[in-house]
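Visitor: return a 3D structure for these sequence lines:
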Amino acid sequence: MLCLLLCAAVAAQEKPARPEQNGKPQKIEEQEGTLRINTELVSIDVNVTDRAGLKNAPLLRAEDFAVYEDGVPQRVSNFSTTEVPFNLVLLIDTSGSTSDDLALIRRAALRFLDELRPQDRVAVVAFSEPIELLEDLTSSREKVEQALGRLQPGTGSAVYDAVLLALDEVLKNVQGRKAVIALTDGVDSFGQSTYEQLLPAVERSGAALYFLEVDTEAFTEAGMLRDCYDNSHFEFSAKQLKKFYAETESPVNKRRIRFDTHCIIPKDERKQINHQLYESARREMRVMTDKTGGRVYPVKTLEQLGPAYERIAAELRTQYSIGYYPTNDRHDGTWRKLRVEVRRQGWVAKTRPGYRAPRN
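Guide: Just a heads-up that it's a prediction; the model follows:
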């Protein structure tokens, strides 16, 4: 009997305790002797302004917010004020018409850095057809400035691959508030990723996406309409033509076998293709920002970059981070709708409209 009691006591001591975080037990799964802890914490960033969106709210507390998932109230477990540092990735498209204005782009980005706090971390990614991580996340302003000084002009644009790199490599394992700020026209021409592959990564990233939408359609159209014997002419990539044919029902689509080579496409149909690619890019950027609680800032001229960066910095400075453990703990891969309300009269909250639940 004494031996049995001693064995039972030892077994009780060796049995792993059920861990807790913020007062709520975490799920424990045992697989082949490995202990895996699944917290299921959902984190969202929230902006609070007056109803006109012009004035930021005074300092708020956790009890000032109500969070709903699919209409069901959730209990706030984690709460961080605007003092928590931010992790930002600057994506800079160096192709097309922007290639001649890199000095102006650098100055605008440096003005943006002046709006951030010393503890905020910034990474810099430049992309045209190739993509280059010029500087990983750092709080050193000197390193970021040096990275911006290494921007080089290029041709083509791997937009989807660049956004995917920022989300799945630079920010994937980063905790806390995070955002991607992309300067681009949004028109993808090279790279391995498609928009359909990118969107799920956007939904699960937890990062807010902001696009400084540069208007280069007229510039690109002029290059596409030039004769192919002109060395300054532009050509559609095979990836762009494939996207156009997949999205468009038109005479061009029906005769696509003839158009494997850019130079045999009639000029009026080149104009049609170019316009449709820009329309798709504008729609896709707005879907991505809507999914993440970010925003698209149209930039008609590069002189407008500085003020646009400043507006984004002001928005980031007023964000709160809220975390909760969803009452719906199913791992079914469904889209969950989010709504955040401010319990103080006259103030409204803006956040991403939902998130994609994990799938077992």
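
Visitor: just the strands in the stretch 151-300 of the chain please.
Guide: Assigned strands in the stretch 151-300 of the chain, in chain order: 177-184, 208-214, 295-299 (criterion: DSSP state E, counting those that start in this stretch).

Visitor: and the angle from the longest one to strand 295-299?
Guide: Relative orientation of strand 177-184 and strand 295-299, computed by axes from the mean of the first three to the mean of the last three C-alpha atoms, to 10 degrees: 30 degrees.

Visitor: show me what strand 177-184 is packed against.
Guide: strand 86-93, helix 159-165, strand 208-214, helix 305-317 (3 or more C-beta pairs under 8 Å, 6 or more residues apart in numbering; DSSP states H and E). (C-beta placed from N, C-alpha, C; glycine too.)

Visitor: which regions of the stretch 251-360 of the chain sit below the pLDDT cut-off?
Guide: Scanning the stretch 251-360 of the chain for pLDDT under 70 picks out the ranges 251-260.

Visitor: how close does the residue positioned nearest the centre of the chain sit to residue 92?
Guide: Nearest to the mean C-alpha position of the chain, by C-alpha atoms, centre = their mean, lies residue 209 at 3.5 Å. Going from residue 209 to residue 92 by C-beta to C-beta, to the nearest Å gives 15 Å.

Visitor: picking that back up, could I get the helices and strands packed on strand 177-184 as CSV with distance to residue 338?
Guide: Putting those into CSV (distance: least, C-beta to C-beta, whole Å) gives the following:
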stretch, distance to residue 338
strand 86-93, 20
helix 159-165, 22
strand 208-214, 13
helix 305-317, 18
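
Visitor: what bridges to residue 90?
Guide: Counting by DSSP bridges, residue 90 forms beta bridges with residue 124, residue 181.

Visitor: strands along the stretch 1-150 of the chain, start to end?
Guide: Going by DSSP E, counting those that start in this stretch, the stretch 1-150 of the chain shows strands at 20-21, 24-25, 27-31, 34-38, 42-50, 65-69, 72-74, 76-80, 86-93, 121-127, 131-138.

Visitor: can I get these in TSV with mean neighbour count, distance to residue 58 and mean pLDDT?
Guide: Below are the strands of the stretch 1-150 of the chain laid out as TSV (neighbours: other C-beta atoms under 10 Å; distance: least, C-beta to C-beta, whole Å; pLDDT from 0 to 100):
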stretch	mean neighbour count	distance to residue 58	mean pLDDT
strand 20-21	12	29	42
strand 24-25	12	29	43
strand 27-31	10	37	38
strand 34-38	10	37	34
strand 42-50	20	9	86
strand 65-69	18	14	96
strand 72-74	14	24	96
strand 76-80	17	16	88
strand 86-93	25	20	95
strand 121-127	24	27	97
strand 131-138	17	30	97
